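Participant: Below are the sequence and a predicted model; questions follow.
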Amino acid sequence: MIRELGLELFTQYDDGDYVLQTENGVTYYDPFQKQNPLYAVDLLTNKAQIMADNLSPQGYYEGKWTHEEKRLDSIMFSQWLRENQKEEGIGEFGVQACSAMITSAIACEPEEYSFLFFLSFLKSGQGYRTLIDVKDGVQEFRIKGGAQSISIELKKLVEKMGCKVMYDEPVKSIANTNGTVLVTTRNGTKIRARHAVCAVPMNLVPSIEFSPPLPLERQQLCEKAPMGSAIKCIFFYKTAFWREKGLSANTVSLVPPLTNVFDAGDDSGKYPALVCFLLGKNARKWSHYSEERRRQDVVDQLADLFGEEAREYVDFIEKNWVADEFSKGCYFCVPSVGVLSNYGFILRKSHGHVHFAGTETAVQYIGYIEGAIESGYRCADEILNRIEHSSKL
């Protein structure tokens, strides 16, 4: 899609040592050394990866899980961590480190989602390292001009096709009527079409009135898969002083408020920046504070991580996803215990002429842009197949 839209990628900066912060202080380490401080994370996730690779196709693709997989859906990821901590002889630090690393990808705490979901997440991304790492992972490349460039170019494309993109028209209701759908916005605008694709996050689906009503299983699925919690802030600097110190800026912190930090400089090198993430319980706690308080707390921590130069930022941007009306969190909706085994079968099923997309419905790269794009192609195929079938009747 990047090539089709005429966009370009550039490589995420990842040269230099990584950073780990614990209650005992800050450690700088080579991520490619044989035994880095986070080796326990690999021990635990490698064990989980074997289980993920062996998930039944009927369960993973159709929501028809085996008895054992249903059992795995009845326990939290945190419970599995504790059980295997003892078996692998891993200390408390290993569990905390694994929790932080996984939270950096899911934006939820291990006690908030089922172990079966975690296995599905691993399977979707072809492994923990692919989902987390910069080099050879999903974080390796960024889009010149920002990820929003995809939306901007798609808008231009559909407008060339004679379609209209409407802004500030939140959907109020969707009705299946006489082989078509009628979409009504909060502003009273009405749009009739042969099919509709609902791509809002699952946690927002209940805010839309459906006629006829959604099946109970769909309602339960949406209500029991809350969005993760994330606050993202970017600090801009005159120089990339961390690079001069031999640091990549890639950080995992077990000390709040931060969970992760990355180098956010653009491909030109003209705008050095650090992007910081407050995730899970940290995001929820700090969302109650003022932006100024959050900014100060994060800057204080950046100074601990990278030195006093971190206080000399020239600009600052924050996005509090927890407070956003049209997401109520980030990165994606995460099923709690028992959800996949009881309601997962309806995840990708259409409702009349309404089809459901979104990264949560993906088979590959759940929670990522790649997953969202895949779900869009799936819905397009569903609609084209329905139209082709109806034309033959």
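Facilitator: Cool, got the structure. Numbers count the residues shown, from 1 in each chain.
Participant: From the chain's centroid, how far away is stretch 69-86?
Facilitator: In terms of C-alpha atoms, centre = their mean, to the nearest Å, the centre of stretch 69-86 is set 22 Å apart from its chain centre.
Participant: all strands of the stretch 101-250 of the chain, in order?
Facilitator: Under the criterion DSSP state E, counting those that start in this stretch, the stretch 101-250 of the chain contains strands at 141-143, 171-177, 180-185, 190-193, 196-198, 209-211, 230-236, 247-253.
Participant: Residue 19 is nearest to which of those?
Facilitator: Minimum separation from residue 19 across the strands of the stretch 101-250 of the chain (C-beta to C-beta) falls at strand 247-253, 4.0 Å. All C-beta spots, glycine's among them, are computed from the backbone N, C-alpha and C.
Participant: According to the record, where do the domains of this structure fall?
Facilitator: Per the record, the chain has its domains at 38-132, 166-226+331-392, by automatic domain parsing.
Participant: Could you check those domains and tell me which one is nearest residue 264?
Facilitator: domain 38-132 (15.1 Å).
Participant: now the nearest residue to residue 104 once chain neighbours are set aside, which residues is it bridged with?
Facilitator: Spatially, and ignoring its direct neighbours in sequence, residue 104 is nearest to residue 260 (4.8 Å; C-beta to C-beta, 6 or more residues apart in numbering). Under DSSP bridges, the beta-bridge partners of residue 260 are residue 252, residue 277.
Participant: Tell me which helix or strand in this protein has the weakest average pLDDT.
Facilitator: helix 128-132 (a mean of 87; mean pLDDT, DSSP states H and E).
Participant: Counting by contacts, list what that helix packs against.
Facilitator: Where contact means 3 or more C-beta pairs under 8 Å, 6 or more residues apart in numbering; DSSP states H and E, helix 128-132 is packed against helix 39-53, helix 92-106, helix 115-124.
Participant: For stretch 164-173, measure first residue to last.
Facilitator: By C-alpha to C-alpha, to the nearest Å, the extent of stretch 164-173 from end to end equals 20 Å.
Participant: Give the buried residues for that stretch.
Facilitator: Of the residues in stretch 164-173, residue 171 count as buried by neighbour count, 16 or more other C-beta atoms under 10 Å.
Participant: Equivalent analysis for stretch 219-227, please.
Facilitator: Neighbour counts over stretch 219-227 (16+ other C-beta under 10 Å) mark 219, 220, 221, 222, 224, 225, 226, 227 as buried.
Participant: what's it in contact with?
Facilitator: In this structure, residues lying in contact with stretch 219-227 by C-beta atoms under 8 Å, 6 or more residues apart in numbering are 112, 201-203, 205-206, 213, 327-330, 332-336, 338-339, 342-344, 346-347, 360.
Participant: Show me where the stretch 251-393 of the chain dips below the pLDDT cut-off.
Facilitator: 392-393 (pLDDT under 70).
Participant: Could you do the stretch 101-250 of the chain as well?
Facilitator: In the stretch 101-250 of the chain, no residues with pLDDT under 70.
Participant: 90 - rerun?
Facilitator: Applying pLDDT under 90 to the stretch 101-250 of the chain flags residues 126-133, 135-137, 178.
Participant: from what I can see residue 294 touches residue 318, true?
Facilitator: Yes - the pair residue 294 / residue 318 is scored as a contact, 7.0 Å apart, by C-beta atoms under 8 Å.
Participant: of the two, who's got more company?
Facilitator: Under the neighbour definition other C-beta atoms under 10 Å, residue 294 and residue 318 were set side by side, and residue 294 has more, 21 against 15.
Participant: List the buried residues in the lengthiest helix in the chain.
Facilitator: Determined from DSSP state H, the single longest helix within the chain is helix 369-392. By 16+ other C-beta under 10 Å, the buried positions in helix 369-392 come out as 370, 371, 372, 373, 374, 375, 376, 378, 379, 382, 383.
Participant: Next, work out how far apart the first one and residue 138 are.
Facilitator: Translated: residue 370. 7 Å (C-beta to C-beta, to the nearest Å).
Participant: for the second one, same thing?
Facilitator: For residue 371, the distance to residue 138 under the criterion C-beta to C-beta works out to 10 Å.
Participant: returning to that earlier point: any of the contacts of stretch 219-227 buried? List them.
Facilitator: Counted by 16+ other C-beta under 10 Å, the contacts of stretch 219-227 give 112, 201-203, 205, 327-330, 332-336, 338-339, 342-344, 346-347, 360 as buried.
Participant: Pipe the domains of the chain into CSV and attach distance to residue 286 per row.
Facilitator: Listed next are these as CSV, based on distance: least, C-beta to C-beta, whole Å:
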stretch, distance to residue 286
domain 38-132, 13
domain 166-226+331-392, 17
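Participant: out of those, which comes closest to residue 143?
Facilitator: Of all the domains of the chain, domain 166-226+331-392 sits nearest to residue 143, with 9.1 Å by C-beta to C-beta.
Participant: Overlap in contacts, residue 294 and residue 318.
Facilitator: With contacts defined as C-beta under 8 Å, 6+ apart, the residues shared by residue 294 and residue 318 are 231, 233.
Participant: how many other residues sit next to the closest residue to residue 295 other than its chain neighbours?
Facilitator: Spatial nearest neighbour of residue 295, chain neighbours left out: residue 316 (6.1 Å); criterion: C-beta to C-beta, 6+ apart. Residues contacting residue 316 under the criterion other C-beta under 10 Å number 14.
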